[in-house]
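**Q** Take a look and give me a structure for this.
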Amino acid sequence: MDRSLSRLAVALVVGAMAPLFDSTIVSVALHSLAHELHASVDTIQWVSTAYLLAMGVTVPVVGWLQRRVGGRRLWSAALVLFLVGSLLCSIAWSAGSLIAFRVVQGAGAGVMLPLLTTLLMQAAGGRALGRVMAVVSLPTALGPILGPVVGGLLLGAGDWRWLFWVNVPFVVVGLVLARLLMPADGPTVRARLDAVGLLLLSPAVVALLYGLSRVTAPGGFGRVDVWAPLAGGVVLLAAFVAWALRRRDAALVDLRLLRHRPLAAASALMFLTGASLYGAMLLLPLSFQELRGTDALGAGLLLIPQGVGSLLSRSLAGRLTDRIGARAVALVSFAVIGLATVPFAFAGPSTPEWVLLVALLVRGVGLGAAFIPLMAVGFVGLDREEVPHASIVTRIAQQLGGGAGTAVLAVVLQGAVATLGPVDAFRTAFWWAVGFTAAGVVLAVLLPGRPAPQPVAEAPAEERLEEATA
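**A** Have a look, this model is predicted:
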């Protein structure tokens, strides 16, 4: 990457560290938060759920906001919103207030994560997309490594409020770097908001994510608070699809881009990658705790090799994607994820720990490598104004895939425990996780092969940066 693009990447990645660390830090601390705030486990789960749902509301509108206010202004505003949410969370006096303040945090994070991809892709101008996405994925790789460790250390210090104060340095430095390294916004476009699309898509995403998040409760898909929001979400999503395809003016998210086969295939694979990543993030710590007697912090620490593997593979995967194309990298990556998950489908209480740690390291290598070609190939051949729409589509696909994967594996695990016992129940659930990656291998065949130079823009790098933030 050239120097100007590298400067932009530094500013964006530092700012994005805060929401990605926050999600992993808080997930480790839910039990402690329930104790400190005198809340039930079911209530305190809303600390994570509210954050996720708030992201679902704001993600669809990011493209319109960027056109309306400019990239740098929107990025800085999202950082400030996340900072305000973090400070409010640190002074929460009850579970209810903490849940409400997490909505503020989630709204900021929902803007930042798709905007991170959009700004870098637009600035790159269609060149070296694999290496650009390797940079974009850095916070995602570091979060699972440092989040559980930092969360455990902060809880060990005795004050849960530090879970949110720790975000402040990241956000402040991110704001300073945005001011120093991101080019000023150019003229903005007075784009008209697709209000009907917003009223259809955001509630659809929220309803689907909420329904999927409740599947883990007793009763599974039979619960009214599961099937009702899922059914409503499907209806709203279908209505949005019909609206977006019939609308002559610009829709909130341009679904016609899914006629572009690389984006359609990448979105489907992002769904499966989200299912494989987040579904396994449910199974892995639970299996360590239930089958091996590890506490919550110890289970989080045992997942570090997976994060290390993801960190190690992303740079090589970026270079290979640019050199040999997305298809080969994705095929190998999904195969590696599946093969590295197989040992857990045979594991039991007596399985040597080092075997599982090596499997986690290899699994992380596959996950880190899989994200790069999928995130890069969907943008090949798109015009600059189409990039925000593609970014939103892939982000929503990953979110829904994560929710669906977690829900399916939770139902499989709960059903198998009653009939097979805990050891065989976990083995059955891990075989389902292997099935997710096998489906990914099949779909990866649809990705483009050897890359062809299809730049989004021919402007010099400095000019592309200025246009991207506009």
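**Q** Residue 305: what's it in contact with?
**A** Contact partners of residue 305, counting by Cβ atoms under 8 Å, 6 or more residues apart in numbering, are 357, 358, 360, 361, 364. C-beta here means a position set from N, CA and C on the backbone, and glycine is covered the same way.
**Q** Distance-wise, check residue 70 relative to residue 224.
**A** With distances taken as Cβ to Cβ, to the nearest Å, residue 70 is found 44 Å from residue 224.
**Q** what's the neighbour count on residue 397?
**A** Around residue 397 there are 21 other residues, counting by other Cβ atoms under 10 Å.
**Q** Check which helix or strand it maps to.
**A** helix 387-420 (DSSP states H and E).
**Q** same question, residue 185
**A** Residue 185 belongs to no helix or strand, assigned by DSSP H and E.
**Q** how about the helices of the stretch 151-300 of the chain, start to end?
**A** Ranges of helices in the stretch 151-300 of the chain, per DSSP state H, counting those that start in this stretch, are 162-165, 167-181, 195-213, 224-246, 261-292, 296-302.
**Q** Go through these and name the closest to residue 49.
**A** The closest of the helices of the stretch 151-300 of the chain to residue 49 is helix 195-213. By Cβ to Cβ, the value is 5.1 Å.
**Q** List the contacts of residue 99.
**A** Each residue near residue 99 by Cβ under 8 Å, 6+ apart is listed here: 46, 47, 50.
**Q** got a winner among these for most neighbours?
**A** Most neighbours among those, by other Cβ under 10 Å: residue 47, with 23 neighbours.
**Q** quick one: that one from residue 363, how far?
**A** Distance, residue 47 to residue 363, by Cβ to Cβ: 28 Å.
**Q** sorry, back to before: what about residue 70 and residue 224, which has more around it?
**A** Taking other Cβ under 10 Å, residue 70 and residue 224 do not tie; residue 70 has more neighbours (20 against 9).
**Q** what packs against the strand or helix carrying residue 363?
**A** Under the criterion of DSSP H and E, residue 363 resides in helix 353-377. Applying 3 or more Cβ pairs under 8 Å, 6 or more residues apart in numbering; DSSP states H and E, we find helix 353-377 packed against helix 129-136, helix 261-292, helix 296-302, helix 304-324, helix 326-346.
**Q** between the helices of the stretch 151-300 of the chain, which gets nearest to residue 97?
**A** Nearest to residue 97 among these is helix 162-165; the distance by Cβ to Cβ comes to 12.4 Å.
**Q** Can you give me the domain assignment for this protein?
**A** 3-193+252-469, 198-251 (automatic domain parsing).
**Q** centre of the chain versus the last one, how much separation?
**A** Going back to what we said before, that points to domain 198-251. Taking Cα atoms, centre = their mean, to the nearest Å, one finds the center of domain 198-251 at 18 Å from the center of the full chain.
**Q** now do the same end-to-end measure for it.
**A** Counting by Cα to Cα, to the nearest Å, you get 9 Å between the two ends of domain 198-251.
**Q** Check the average confidence over that domain, would you?
**A** The average of the pLDDT scores along domain 198-251 is 86.
**Q** Which of the domains of the chain has the lowest mean pLDDT?
**A** domain 3-193+252-469 (a mean of 82).
**Q** thinking again about what came up before, out of the helices and strands packed on helix 353-377, the one nearest residue 60 is which?
**A** Among the helices and strands packed on helix 353-377, the nearest to residue 60 by Cβ to Cβ is helix 261-292 (14.4 Å).
**Q** quick one: that closest one to chain centroid distance?
**A** 11 Å.
**Q** For that helix, name the packing helices and strands.
**A** Short answer (3+ Cβ pairs under 8 Å, 6+ apart): helix 261-292 packs on helix 296-302, helix 326-346, helix 353-377, helix 387-420, helix 422-444.
**Q** Those: which one's closest to residue 279?
**A** Closest approach to residue 279 among the helices and strands packed on helix 261-292 is made by helix 387-420 (3.2 Å; Cβ to Cβ).
**Q** if we can go back for a sec, ok, which of the helices of the stretch 151-300 of the chain comes nearest residue 310?
**A** Across the helices of the stretch 151-300 of the chain, residue 310 has its closest neighbour in helix 261-292 (9.4 Å, Cβ to Cβ).
**Q** how about the closest one: buried residues?
**A** For helix 261-292, burial by neighbour count (16 or more other Cβ atoms under 10 Å) applies to 262-263, 265-288, 290-292.
**Q** got the angle for it vs helix 422-444?
**A** Here the directions of helix 261-292 and helix 422-444 differ by 170 degrees (axes from the mean of the first three to the mean of the last three Cα atoms, to 10 degrees).
**Q** Give me the angle between helix 261-292 and helix 304-324.
**A** Going by the same axes, to 10 degrees, helix 261-292 makes 160 degrees with helix 304-324.
**Q** so helix 261-292 versus helix 353-377, what angle?
**A** Interaxial angle, helix 261-292 versus helix 353-377 (the same axes, to 10 degrees): 160 degrees.
**Q** for residue 184, phi and psi?
**A** Torsion angles at residue 184 (phi, psi; degrees, to the nearest 10) stand at phi -60, psi 150.
**Q** Might one say that it is in contact with residue 76?
**A** No. Between residue 184 and residue 76 there is no contact under Cβ atoms under 8 Å: 11.5 Å.
**Q** The two: which is more packed in?
**A** Comparing residue 184 with residue 76 by other Cβ under 10 Å, the one with more neighbours is residue 76, at 18 against 11.
**Q** Is the more buried one inside a helix or a strand, and which specific one?
**A** Here residue 76, judged by DSSP H and E, is contained in helix 71-90.
**Q** what is the orientation angle of that helix with helix 167-181?
**A** Using the same axes, to 10 degrees: helix 71-90 against helix 167-181 is 170 degrees.
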